[in-house]
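S.K.: based on what follows, work out the 3D shape:
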Amino acid sequence: MIRIDKDRIEMEKRVVNKMIEIYCKGHHNKASVCSECDALASYALTRLERCKFGSEKPFCSKCSVHCYSPEMRDRIREVMRYSGPRMLFYEPVAALRHLVGK
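M.R.: Now for the predicted structure:
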């Protein structure tokens, strides 16, 4: 049971990191993730690690508990709106898993 929790959270971490990389590259034209986007990634990863739902974790947009601060929620929402459609080109398997998981 614990392994399932870890695998689900680890997959979500990889997806969030990739989405932030895509967003940063498209908006900040940096070779690597800028400090602002890196701070958002750290915040998101910390929230994922502390998610009380574990393997039963819903998508954050469908979650009954909003653990992101309003400012960070707006920032991650912007990242996801931009990066979501582009994930099909960068990480097609992860994007399809996400679509099937909805």
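S.K.: could you pull up phi and psi at the residue nearest the centre of the chain?
M.R.: For the chain, the residue nearest the mean C-alpha position is residue 16 (2.5 Å; Cα atoms, centre = their mean). Backbone torsions of residue 16, given as degrees, to the nearest 10, read phi -60, psi -40.
S.K.: need the contact list for it.
M.R.: 41, 44, 45, 48, 76 (Cβ atoms under 8 Å, 6 or more residues apart in numbering). Quick note: C-beta positions are derived from backbone N, CA and C, even for glycine.
S.K.: what's the distance between the fourth one and residue 28?
M.R.: Meaning residue 48. Applying Cβ to Cβ, to the nearest Å, the value for residue 48 to residue 28 is 23 Å.
S.K.: among those two, which residue is more densely surrounded?
M.R.: A side-by-side neighbour count of residue 48 and residue 28, using other Cβ atoms under 10 Å, places residue 48 first with 19 against 12.
S.K.: next, the more buried one: secondary structure please.
M.R.: Secondary structure for residue 48, judged by DSSP: H, G, I helix; E, B strand; the rest coil, is helix.
S.K.: which residue, neighbours along the chain excluded, lies closest to residue 88?
M.R.: Spatial nearest neighbour of residue 88, excluding adjacent residues (Cβ to Cβ, 6 or more residues apart in numbering): residue 95 at 4.8 Å.
S.K.: before we move on, back to that, return the member of the contacts of residue 16 nearest to residue 8.
M.R.: residue 48 (9.5 Å; Cβ to Cβ).
S.K.: from memory that closest one sits against residue 11, does it?
M.R.: No: with contacts counted by Cβ atoms under 8 Å, residue 48 stays clear of residue 11, the gap being 10.0 Å.
S.K.: next, the buried residues of the lowest-mean-pLDDT helix or strand in the chain.
M.R.: Of all helical and strand segments in the chain, the minimum by mean pLDDT, DSSP states H and E falls on helix 92-101, at a mean of 79. For helix 92-101, burial by neighbour count (16 or more other Cβ atoms under 10 Å) applies to 94, 95, 98.
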